[in-house]
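K.L.:
After the sequence you'll find the predicted model.
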Amino acid sequence: MKRREFMQTTASVAGLSFVSCGLGALAACTENSQASGRRRVVVNGKQMRTVDIHCHSYVHDVWPLVESHEDLGYLLPVVNTAPLKNKLDIYNVDFRLQQMDEQGIDVQAVSLHVGQYHHWADRDLAAEIISIQNGKIAELCAAHPERFVGLGAVALQHPDLAVEQMRHAISEYDMRGFMITGSVNGEELSNPKFHPFLGAAEELGTVIFIHPRNFPAGQSRLEGNGKLDNVIGNPLETTVALSHLIFDGTLDKYPGLKICAAHGGGYLPSYIGRSDHCVENWPDACKPVDKLPSAYLKQLYFDSLVYSTENLRHLIRTVGADRIVIGTDFPFNMSNKDSVDHLMSVSDLSAAEQEAILGGTAAQLLGIV
């Protein structure tokens with residue numbers, strides 16, 4: 001069914017709950033609607049439409065198809081945490097809308113929990129899994145069209161199937177983009193086997209949101225106290241993925257590809273000067289690319305999930321305010337419930353820059369009118 005048909009038939013969505021990988025109001029920039037208690041974000045007297053591109057969901061209906069597989073470690077904490085499931089179940093979507101209202105988030109681009117990317121699945125099973133997942137996300141968005149848009153899933157372990165799934169999800173489910181992981185079964189996204197998918201995404205003009213699933217190649221080093229697989233592993237995975245896309249020539253091959261990187265692009269924007277230095281001083285190791293690695297950052301988009309004011313200011317100044325979008329990573333422990341105030345704490349931004357980051361750029365990427 002297309003989205004308009006969902007809107008006519010769907011009152012609530014079964015089988016999907018919100019999951020993921022704090023905000024006080026600023027009197028100068030926010031106000032609450034007396035009628036609804038909904039926080040409104042205002043810049044220079046103009047009400048902003050805020051858009052969160054980084055928030056997740058869990059589709060319960062897929063569990064019977066995958067529960068017997070051994071590679072479910074990343075997903076089991078979600079499946080086995082009853083309070084989380086109950087609190088965030090799609091039947092209790094009003095709770096999520098309440099949280100959005102309190103945080104000043106008008107629209108969420110809803111994607112899956114990254115543990116639901118079952119790259120081990122064969123073609124037939126993967127087709128069934130993705131069909132269910134995308135269908136449920138589409139139902140949610142159709143039931144609340146002013147508050148949610150969808151970031152669909154694809155079975156990238158089968159690149160040709162992923163292209164079919166992407167085209168179908170756009171035409172039939174009105175998906176506004178797609179979330180993929182930072183690598184697929186140990187293979188880099190820059191691998192030529194994934195070029196048909198990336199090329200199709202460029203052709204369709206749809207945004208690709210790269211979200212890490214820890215850093216599998218270094219898992220043994222990240223064990224122990226500190227949740228290092230997440231705290232270090234997630235941004236490291238994104239850093240490596242983006243670096244390969246730059247140095248392997250993928251971004252040159254697909255210059256119009258709209259890629260948005262989670263967690264502020266990992267460590268790459270903070271240390272991109274080292275990549276530039278390698279190109280300029282060690283050309284046999286860092287083979288010449290069409291432009292300096294730092295220039296490719298202007299070709300990418302990044303969410304704002306870097307936690308500190310100074311880190312966000314540096315990210316904005318490095319890549320440009322027009323390349324940053326709000327990302328909360330709703331609603332796990334690493335989420336930023338203060339994403340609006342986090343942005344407003346960067347004191348030297350212009351009103352135009354604030355407007356772009358709060359929702360203007362994301363609305364353009366996601367086709368929100």
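P.N.:
Arrived safely.
K.L.:
Output the longest helix belonging to this structure.
P.N.:
Scanning the chain for the helix with the most residues, using DSSP state H, yields helix 123-143.
K.L.:
avg pLDDT for the helix or strand that that helix is followed by?
P.N.:
For helix 123-143, the succeeding helix or strand toward the C-terminus, using DSSP states H and E, is strand 148-152. For strand 148-152, mean pLDDT rounds to 96.
K.L.:
Please apply the same query to stretch 207-227.
P.N.:
The predicted model gives stretch 207-227 an average pLDDT of 95.
K.L.:
buried stuff in that stretch?
P.N.:
Neighbour-count burial for stretch 207-227 flags Val207, Ile208, Phe209, Ile210, His211, Pro212, Arg213, Asn214, Phe215, Pro216, Leu222 (criterion: 16 or more other Cβ atoms under 10 Å). Any C-beta I mention is one placed from the backbone N, CA and C, and that applies to glycine too.
K.L.:
helices and strands around the host helix or strand of the second one, which ones?
P.N.:
Under DSSP H and E, the secondary-structure element containing Ile208 is strand 207-211. For strand 207-211, the contact count by 3 or more Cβ pairs under 8 Å, 6 or more residues apart in numbering; DSSP states H and E identifies strand 51-59, strand 107-112, strand 177-181, helix 233-247, strand 258-261 as packing neighbours.
K.L.:
if you set the cut-off to 7 Å instead, what comes out?
P.N.:
strand 177-181, strand 258-261 (3 or more Cβ pairs under 7 Å, 6 or more residues apart in numbering; DSSP states H and E).
K.L.:
export these to JSON lines and tack on distance to Cys141, mean neighbour count and mean pLDDT?
P.N.:
Below are these laid out as JSON lines (distance: least, Cβ to Cβ, whole Å; neighbours: other Cβ atoms under 10 Å; pLDDT from 0 to 100):
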{"stretch": "strand 177-181", "distance to Cys141": "12", "mean neighbour count": "24", "mean pLDDT": "98"}
{"stretch": "strand 258-261", "distance to Cys141": "18", "mean neighbour count": "25", "mean pLDDT": "98"}
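K.L.:
Can you redo the ones you listed as TSV, where the extra columns are distance to Asp338?
P.N.:
Shown next, in TSV, are those (distance: least, Cβ to Cβ, whole Å):
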stretch	distance to Asp338
strand 177-181	23
strand 258-261	21
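K.L.:
closest one to Asn333 among these?
P.N.:
Within the helices and strands packed on strand 207-211, the stretch nearest Asn333 is strand 177-181; the backing value is 19.8 Å (Cβ to Cβ).
K.L.:
hmm, who's touching the following helix or strand past that closest one?
P.N.:
Moving toward the C-terminus from strand 177-181, the first helix or strand encountered (DSSP H and E) is strand 183-184. Strand 183-184 has contacts (Cβ atoms under 7 Å, 6 or more residues apart in numbering) with His119, Leu156, Gln157, Leu189, Glu237, Ala241.
K.L.:
try 8 Å this time
P.N.:
His119, Leu156, Gln157, Leu189, Phe194, Pro216, Glu237, Val240, Ala241 (Cβ atoms under 8 Å, 6 or more residues apart in numbering).
K.L.:
Let me know the average pLDDT across the helix or strand containing His168.
P.N.:
Per DSSP H and E: His168 is located in helix 159-173. The average pLDDT within helix 159-173 is 98.
K.L.:
What of stretch 350-357?
P.N.:
Stretch 350-357 carries an average pLDDT of 96.
K.L.:
Send over it as PDB, restricted to the C-alpha atoms.
P.N.:
Output of stretch 350-357 as PDB, limited to C-alpha atoms (Å, rounded to 0.1, in the frame of the first residue of the first chain):
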ATOM      1  CA  SER A 350      23.700  33.200  13.200                       C
ATOM      2  CA  ALA A 351      20.000  32.800  13.100                       C
ATOM      3  CA  ALA A 352      20.300  31.300   9.600                       C
ATOM      4  CA  GLU A 353      22.800  28.800  10.900                       C
ATOM      5  CA  GLN A 354      20.600  27.900  13.800                       C
ATOM      6  CA  GLU A 355      17.600  27.500  11.500                       C
ATOM      7  CA  ALA A 356      19.500  25.200   9.200                       C
ATOM      8  CA  ILE A 357      20.700  22.900  11.900                       C
END
